[in-house]
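**Student:** After the sequence you'll find the predicted model.
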Amino acid sequence: MDAESARTFLLSPPHVVESVSETTRRGNKLVFRVGDQSVGGKMFSQIDFEEDGSAVLSLAAGPERFHELIEREGVIAAPYRARLYWIALMRWNAIQDSELKGLLRSSRGLIFIKLPKRTRDSLDGSMDASETALMPFIPCQTGSVKSKR
């Protein structure tokens, strides 16, 4: 995978918004969010265009996969976002394309379920059945809730 094919893939699910982040401190990046930032959308991935040896792609991996993924050569804990279980690829071929696509789908799903309820509901309400089918299934942990008596 390369930057252009990753960009095309990242923009394919519903309600993904792309923006450019140009900062002198962290360089030029393409940022991908679920929903628009102005209505509470949150970032789930970014492509870095600086050729300074830093990461080429960062994404939310979640606590279940984070430690496994950073053990691989070419994958590190994302600077400034490791506490949120983000990983960064140091090169495009650090993870096979098919697995990377699955990670990017999961990244979007992980962030979607963390959106504020109002934002999530507004995005859900505007999806039709074909778009809903594109949403990844993210199993949620369930636990028993004890009532206070």
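**Tutor:** Yep, that arrived.

**Student:** strand partners of the host helix or strand of Leu59, parallel vs antiparallel please.
**Tutor:** Following DSSP states H and E, one finds Leu59 within strand 57-60. Sheet pairing for strand 57-60, assigned by DSSP bridges, gives strand 42-48 (antiparallel), strand 86-89 (antiparallel).

**Student:** and His67, how many neighbours?
**Tutor:** Using other C-beta atoms under 10 Å, His67 has 12 neighbouring residues. Using the backbone N, CA and C atoms, a C-beta is placed for each residue, glycine as well.

**Student:** what about the strands in this protein?
**Tutor:** Applying DSSP state E to the chain gives strands spanning 16-23, 27-34, 42-48, 57-60, 75-77, 86-89.

**Student:** Packed most tightly, which of the ones you listed would that be?
**Tutor:** Scoring the strands of the chain by mean neighbour count under mean count of other C-beta atoms under 10 Å gives strand 57-60 as the most buried, with a mean of 26.

**Student:** what residues does that strand touch?
**Tutor:** Residues from elsewhere that reach strand 57-60 (C-beta atoms under 8 Å, 6 or more residues apart in numbering): 6, 44-48, 78, 81, 84-89, 92, 103-104, 107, 110-111.
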